[in-house]
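J.: Compute the structure for the input listed below.
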Amino acid sequence: SQVGTGVTNALIKARKAVDKDLDDEIDDIPVVSTSIAYGIYMAVSSNLRYQILSGVIEQRMLEPVLHKHKLLLSALCFAVRTGNTFLGSLLWVDYARMVGVQKAEEEI
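T.: Prediction:
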C-alpha cells in the first residue's frame, strides 16, 4: 500500500509539473494514514470474507454437493472468489471514504 500510494503521489507531482492548472484540483494522498487504514481493512474485512468463503461456502457447502463434479466445483469456486474480490473493492472504497483517506466524488 505504501509503494502504491508513493507511486501515485509521484505521478500526481509529475502531472502537476506538466499541467499547472491542476495545482488546486489534485491533492497528495496521505501515505501513512492510507497504509494504516488499508492494513486494518485487510486484517478485518478481507480476512473475514476469505475465512467465510473458504471455510463455509467452499468446504461446507459446495464441496459436499459437488465433490464428484470437479470442473463445476472449480468453476463455482472461481466465480465466488471473483465476486469476493469485486465485493472487497467496493467495501474498500466505502471504508476509505468513511475513515477519510479518500474523498467522495462530490468533494472532488
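J.: Tell me the helices and strands packed up against the lengthiest helix in the chain.
T.: In the chain, ranked by residue count with DSSP state H as the criterion, the top helix is helix 70-99. Helix 70-99 sits against helix 31-41, helix 47-51, helix 63-66, with contacts defined as 3 or more Cβ pairs under 8 Å, 6 or more residues apart in numbering; DSSP states H and E. Placement of C-beta: from N, CA and C, glycine included.
J.: Can you say which of these is packed in most?
T.: Greatest average neighbour count among the helices and strands packed on helix 70-99 goes to helix 31-41 (a mean of 16), per mean count of other Cβ atoms under 10 Å.
J.: Show me where the protein dips below the pLDDT cut-off.
T.: Within the chain, the ranges that satisfy pLDDT under 70 run 1-2, 5, 15-16, 20-29, 104-108.
J.: change it to 50
T.: Under the criterion pLDDT under 50, the flagged ranges of the chain are 108.
J.: Nearest the middle, which residue of it would you pick?
T.: By Cα atoms, centre = their mean, the chain has its centre lying nearest to S89, at 3.8 Å.
J.: In space, what's closest to R81 - neighbours in sequence excluded?
T.: Nearest residue to R81, sequence neighbours excluded (Cβ to Cβ, 6 or more residues apart in numbering): L53, at 6.7 Å.
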